[in-house]
Structure formats: C-alpha cells, structure tokens
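Trainee: Got a sequence here, can you model it:
(2 chains)
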Protein chains: 2
Amino acid sequence: MSTVLLSRSEVKSLMTMKEVVEIAEKTFKGFGEGTTINPTKVGLDLGETAEYPPYEGFMNAMPAYVGWLDTAGIKWAGGFLGERKKLGLPYITSLILLIDPRVGNFKAVMDGEWITSMRTGAQTAVSLKYLHKGPSIRLGLYGAGGQGHTQTEAVAAVFDIEEVRVFDINRESALKYAEDMKDIVKGKVTVVDDPRDAAWGDAIVCVTQSKEKFLKNEWIARRTNVFPMGSYQEVDDDFILSADRVIVDHVGQCLHRGALKGLVEAGKFQESDIDATIGEVVAGKKPGRLSEDDRVLCIPIGTGAMDIAVATVILERAREKGLGGHFDFV
Amino acid sequence: MSTVLLSRSEVKSLMTMKEVVEIAEKTFKGFGEGTTINPTKVGLDLGETAEYPPYEGFMNAMPAYVGWLDTAGIKWAGGFLGERKKLGLPYITSLILLIDPRVGNFKAVMDGEWITSMRTGAQTAVSLKYLHKGPSIRLGLYGAGGQGHTQTEAVAAVFDIEEVRVFDINRESALKYAEDMKDIVKGKVTVVDDPRDAAWGDAIVCVTQSKEKFLKNEWIARRTNVFPMGSYQEVDDDFILSADRVIVDHVGQCLHRGALKGLVEAGKFQESDIDATIGEVVAGKKPGRLSEDDRVLCIPIGTGAMDIAVATVILERAREKGLGGHFDFV
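Mentor: Have a look, this model is predicted:
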C-alpha cells in the first residue's frame, strides 16, 4: 500500500494563493453547514510556556474531516524559537498526513509549512471577502515577516490593494517587505515608523509574536476590520470588549489561544460574546457586519480543516503529474 | 534535512516484546515523576459513534514528550470496521511521527500498528509487575484476536504463565489462539465455552470490541486484577464501583473513553475515585494494591508516550543498522 511523499518545493509548485483562497472559502462554508469536522486542536508544550521541557517550542495536533472533498487528515505543526531560530530555520515546522476516511489507509505525508502559511493568509482573505465590499482595499499591517507576506498575497488575490501601511519593530524587515510586495500590491507600500500610523484603512492585520497588547483601542476607527493573528494578545482589552462584532473561525480554539485567551481566563469574555463563526457568515447563516459603521474583530486562528483541504487538492495534482516520492509503510 | 521512513516489517524486526516492556516501564516511571508529558488525546470521529461521516471509524491524535529519551512525537492511530474490515485489513491503522524536541525537525515517519499492539500488551505486563507477585501467573482472557495474542506475549515476557483460560465469541479464534500461544505460554491454554469460566486466576484481561458489559461482578474473586482494555465498557458497573483499587494510566483519557466513560457520564464515578496512576505506582509514589485480598481494576487505556518511546528506540536501531527509507520533506 503506497503512500505518496511530497516535499515543500513540490507542494509549493502545485498550487497558487488564489486557489488556496478558493479552497479555504469552500471549507469555511462546510464549517457553517456542518460538513467540516474539526475537533479542538491539542497542544504539546515543549517550553513555549511550560518550564519542562525547556525548548521554547510547541506542537499542535490538528485533525479534521472535510466533507466537500471527502477527505481526512491531521497536521502536526508547531513553532520553535531557541535552537531552531539560532540555526536559521523557519519558525514553523510541520507535516501533514492524509488518510482515506473510508478505510483509514495513509494516502500521503507532506511538508505542511508552505500550506500553513498560505492558508493562514487565505483565512483572512476569505473573511474580508464577506466583511469588506470590494474591489479595492486599504490595509494596515503589523509584522513584515513571512506571515506578513502571505497575508498580503492572500488579500491581493481577492482585492486590489490601494495601499498597505506596514510597521515592524525591525525596520529592515519592513523595507524588505516593501520591496518584496512591489508586484503583489497594486497601489503603494508605506513603511511607517510610528506603530500608530499602521492602524488605518479597511483592515488591520496583526501577524506578530508580540506578547504586548500594542494595538490601542483609540487607534481603531469605525468601519475597520481587525485581525489579530498572533499566538498571544496583540490588541487592547478595550477594543476586544467594545468591538461591535466578534467573529472567529473556531469557537473552542479561539477561547483558549490567541487574542481572546487572557480575557476568557479573567472571566471578562465568554463564548456568548462571539457573534458568529466565519463559517456561518460564509454559509449565509449569520451576517458578517450589521452596519457599515461596525468595528469588527475577526480571529481566524487557524484550523486543521484548511490544511487538510489544501493538502488533499495538492495530492490529487501530484498524482496527476506523477510528482513526489513513494513509500510502503504497510 | 532527511527524515527516516520505516515500514511495519522493518519496525517489527528491530525490537522484541521484552524490550517493549522495559521501555514501557521506564516511560510509566516518567509519568509518575513528571518527565513524561502526555496531553489528553484528541479524537476525530469518522462514524464510530457520529452519524456523519458514516465510515465506522475513528482516529486519535496522541502527542507526547518522553523525558528519559528526550524525544517527542505523535501517533495518529485509529480503528475502522466497515469498508476496512471488508477489505480484510487489520482494525488498527497508524503512523508515528518523531521530532527532535529541541528544534522541531522531523526525524522519522513509521508505521505504528505493530508498536500500538506491542505497547498495549506491555502496559498490562508492567502494571502486573507491580500488582502481582511473580514469578508465575494464571490468566483469564476475553478476546482471542490480535490484542489477545500480544497481551499474552507481554505477560509472558514478565511471568511464567501457568494457565490461560480464553473465551472468544468466535470459538475458531480461541482455538487458533491456543495453537499460536503454544511456545509463549509455559503452562496450558484452555479454551472455554462458557464466558464465566474465563473469569478466574490472578489477572483477567478483556480485549474485545464488545459493547455489552459481559464481565459480571459476581464472577470476579478476591485477589484478582482486572484489565478492561476495550474501547467500550466490558465490565459490570457493580465491579467498577466496588473494586478496592482503581488504577489508570492517564486520568484525563480514562474518564472519557473505555471502561469508566459511562459511569462518569452518569455522575457515578469521578476523578477522585481513581486511587493511583500506573506511573505513580511504578515510581513508588503510591501503592498498587493495599492488601493481597484487594480486587483491583487497572485500566491502561493507552498513551502516546508509550508509542513515542518505543518508536524512538526503534529509530536509533534503524540508524545503527542503516535500515529504512529516507525522504527530504524540507
């Protein structure tokens, strides 16, 4: 029984960001309609917050079944600082396993880092498709690293970007981002030196590893969509508590990680404060924004279902093209 | 960055049951001492109990860090009836991924079915090492399938088996088991036709897919150790509630799956009714049995840490011997 093996470069060669966005949209729709099954991920703390073991990393196990593709799989992915950073390796490490959901045979093992980055961008882009009237958009961006790039690429696959204002604590990173985005962003890329100046436009996207709540409530104008994508809390308590709409991708996960975690633990935010899931909005079951004036907090923290859906389409293409290795585990 | 790939036959060729038992014992000790980190597994229901999707299967994601080997990994394993059974494939399907816990690189991908079966047997054997004074033992066995074989093999790696009395709803299976166990069991193997007759000896092991509570409280004599290993409840409520000692491998998991699940959901059994973990007993932090007379209920439902520990030693040996395939995922 042969299992297909795909490397990062093979995975990357088989799909565009535009296609990842389309797959993410269908998978979100499945969430809303009940055909995407996505248990809350389980983490293994290898020193991200735990004292033992002390490796400044974590791994998340993210299994899912995706009905519109009739596929199942798991992504095991994590992030490491410490030794991994010293070696110059990317923050994310990940493999994705796919099975035939009818019989459980392993169809594929593939690198998950590229897919993770792409689908994380795509999640934001799909959400904006339902929260912002196109065709053009103005973007504020915190964090000019890898995720900053893919978030921008994904938004550019859905909208014409009029302008991005980007802030990074490392100005060099922001300048490099500006250079890299020349062909992606139709309008201009402005590197800002005062973090306040990136809090503008139709959508503010935060992709930082900040443990500070740097984005202040008073910086955020009406009509803005705010996406805090980081693992820790990037946005002021006051904004979270005063946002007109709170929309998340996965209720269970969003209560226990990222932007909402601290307020949930403090008893100031609870499940009933979430207005809708992105899936419900995409499936037309609940509205996105109620008014043009709303300030919307949208948190697509990331679901395995997106990874499994993208990986499944990539596997189909690899088979068509005869790409990848093979191994008989059984 | 090369990842080692190991097939089932390669995995199997690299270790004996006796060694699996030794690894399981050290890993249990780590549980007791806090150096084995094993989050509660997360399941993906593919129709085992859920209505959708309808594939009569499930997959469990079982990540773990094992301190005495300084290793981390995940097993994604499940069981399927339905189509898989019709195809004549084994119930279990599984892959194990190993990472370097310091930097997150993927060291190996290997079949997990053999390791799952072996370590499940080993968990019982290690528990008995601390619950039953050797060197010989008398065994009652329900379920003469694959797990019946490996449970017996594991116990035989620690004790001289005086006699096994085995019951299976399929008598042919029991007869085949008796034949297969000739060289493993020092004493005799008796196939019994009345289920009541297998409820005897020093330890009663249940490895069935029964959804009936077939093992009656009144069948279980004093001094017996009872191991209900099935996914559903095999043992009478009355026995669970009247056992002198209840010992489990993993508190979180045992409350939500297997023998205790129904009583927990009915509010009749709770965390405080668990007397000790196997890890605490192996580490000498809590006693196993308090008296020779105790009826002990012991539930080693299965932890990913055992799989990761065994897989890690197997990987070391594969490297020494130059066995296995290689693939550069990154």
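
Trainee: tell me which element residue A:61 is part of?
Mentor: When elements are assigned from DSSP states H and E, residue A:61 belongs to strand A:57-66.

Trainee: That strand to strand B:57-66, inter-axis angle?
Mentor: Interaxial angle of strand A:57-66 relative to strand B:57-66 (axes from the mean of the first three to the mean of the last three CA atoms, to 10 degrees): 180 degrees.

Trainee: ok, now which ones touch the residue of the stretch 101-250 of chain A found nearest chain B?
Mentor: Nearest to chain B in the stretch 101-250 of chain A, going by CB to the nearest CB, is residue A:104, at a distance of 3.6 Å. Bear in mind the C-beta positions are built from the backbone N, C-alpha and C, glycine included. Applying CB atoms under 8 Å, 6 or more residues apart in numbering or on different chains to residue A:104 gives the contacts B:57, B:59, B:78, B:79, B:80, B:84, B:89, B:93.

Trainee: Report the strands that pair with the strand holding residue A:61, each with its relative direction.
Mentor: Under the criterion DSSP bridges, strand A:57-66 sits next to strand A:36-37 (antiparallel), strand A:42-45 (antiparallel), strand A:71-80 (antiparallel) in its sheet.

Trainee: possible to save those as JSON lines with mean neighbour count and mean pLDDT?
Mentor: Shown next, in JSON lines, are the strands paired with strand A:57-66 (neighbours: other CB atoms under 10 Å in any protein chain shown; pLDDT from 0 to 100):
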{"stretch": "strand A:36-37", "mean neighbour count": "24", "mean pLDDT": "98"}
{"stretch": "strand A:42-45", "mean neighbour count": "21", "mean pLDDT": "97"}
{"stretch": "strand A:71-80", "mean neighbour count": "26", "mean pLDDT": "97"}
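
Trainee: Would you mind giving these as a markdown table with distance to residue B:265 added?
Mentor: A markdown table is the format used below for these (distance: least, CB to CB, whole Å):
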| stretch | distance to residue B:265 |
| --- | --- |
| strand A:36-37 | 21 |
| strand A:42-45 | 21 |
| strand A:71-80 | 26 |
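
Trainee: all helices in the stretch 151-300 of chain A, in order from the N-terminus.
Mentor: In the stretch 151-300 of chain A, the segments counted as helices under DSSP state H, counting those that start in this stretch are A:171-180, A:237-242, A:251-256, A:261-265, A:278-282.

Trainee: contact partners of the third one?
Mentor: By CB under 8 Å, 6+ apart, the surrounding residues in contact with helix A:251-256 are A:40-41, A:248, A:260-261, A:264, A:271, A:274, A:277, A:299, A:301-303.

Trainee: try 6 Å this time
Mentor: The contact list for helix A:251-256 (CB atoms under 6 Å, 6 or more residues apart in numbering or on different chains) reads A:40, A:248, A:260, A:264, A:274, A:299, A:301.

Trainee: what's the answer for the fourth one, then?
Mentor: With contacts defined as CB under 6 Å, 6+ apart, helix A:261-265 is touched by A:233, A:240, A:255, A:269.

Trainee: Neighbours of the second one, how many?
Mentor: As a burial measure, the neighbour count of residue A:240 was computed by other CB atoms under 10 Å in any protein chain shown and equals 23.

Trainee: Repeat that for the last one.
Mentor: Neighbour count for residue A:269, taken as other CB under 10 Å: 20.

Trainee: State the distance from it to residue B:231.
Mentor: From residue A:269 across to residue B:231, the span is 37 Å (CB to CB, to the nearest Å).

Trainee: Which residue is the nearest non-sequential neighbour of the residue nearest in space to the middle of chain A?
Mentor: Taking CA atoms, centre = their mean as the criterion, residue A:120 is the residue nearest the geometric centre of chain A, at 2.3 Å. Excluding the flanking residues, the one nearest residue A:120 by CB to CB, 6 or more residues apart in numbering or on different chains is residue A:302, at 5.8 Å.

Trainee: circling back: present the helices of the stretch 151-300 of chain A as CSV; the columns should include distance to residue A:125.
Mentor: Shown next, in CSV, are the helices of the stretch 151-300 of chain A (distance: least, CB to CB, whole Å):
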stretch, distance to residue A:125
helix A:171-180, 17
helix A:237-242, 22
helix A:251-256, 19
helix A:261-265, 24
helix A:278-282, 11
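
Trainee: Highest mean neighbour count out of those helices?
Mentor: Among those, helix A:278-282 has the highest mean neighbour count (mean count of other CB atoms under 10 Å in any protein chain shown), at a mean of 25.

Trainee: helices or strands next to that helix in the packing?
Mentor: Under the contact criterion of 3 or more CB pairs under 6 Å, 6 or more residues apart in numbering or on different chains; DSSP states H and E, helix A:278-282 touches helix A:17-33.

Trainee: quick one, the helix it packs on and strand A:57-66 angle?
Mentor: 70 degrees.

Trainee: mind checking how far stretch A:105-112 is from the chain centre?
Mentor: Offset of stretch A:105-112 from its chain centre (CA atoms, centre = their mean, to the nearest Å): 21 Å.

Trainee: May I see the buried residues of that stretch?
Mentor: A:105, A:106, A:107, A:108, A:109, A:110, A:111, A:112 (16 or more other CB atoms under 10 Å in any protein chain shown).

Trainee: Spell out which parts of chain A neighbour chain B.
Mentor: Proximity of chain A to chain B (CB under 6 Å from any CB of the partner chain) is limited to residues A:5, A:7-8, A:39, A:42, A:44, A:46, A:53, A:55, A:57, A:61, A:63, A:65, A:74, A:76, A:78, A:80, A:83-84, A:93, A:95, A:97, A:101-104, A:106, A:109, A:111, A:325, A:327-330.

Trainee: Now, of these, which are buried?
Mentor: Buried members of the residues of chain A next to chain B, scored by 16+ other CB under 10 Å, are A:5, A:7-8, A:39, A:42, A:44, A:46, A:53, A:55, A:57, A:61, A:63, A:65, A:74, A:76, A:78, A:80, A:83-84, A:93, A:95, A:97, A:101-104, A:106, A:109, A:111, A:325, A:327, A:329-330.

Trainee: quick one: residue A:155 and residue A:37, what's the gap?
Mentor: With the distance defined as CB to CB, residue A:155 ends up 28 Å from residue A:37.

Trainee: same question but for residue A:85, I mixed them up
Mentor: On the measure of CB to CB, residue A:85 and residue A:37 end up 35 Å apart.

Trainee: residues contacting residue A:2?
Mentor: When the contact criterion is CB under 6 Å, 6+ apart, the partners of residue A:2 are A:326, A:328.

Trainee: make it 10 Å
Mentor: Applying CB atoms under 10 Å, 6 or more residues apart in numbering or on different chains, we find residue A:2 in contact with A:105, A:106, A:107, A:325, A:326, A:327, A:328, A:329, A:330.

Trainee: And residue A:278, by the same measure?
Mentor: Neighbour list for residue A:278: A:24-25, A:28-29, A:31-32, A:123-124, A:126-127, A:130-131, A:247-250, A:286, A:288, A:298-300, A:303 [criterion: CB under 10 Å, 6+ apart].

Trainee: Kindly report the same for residue A:268.
Mentor: A:237, A:240, A:241, A:260, A:262.

Trainee: No more questions from me, cheers.
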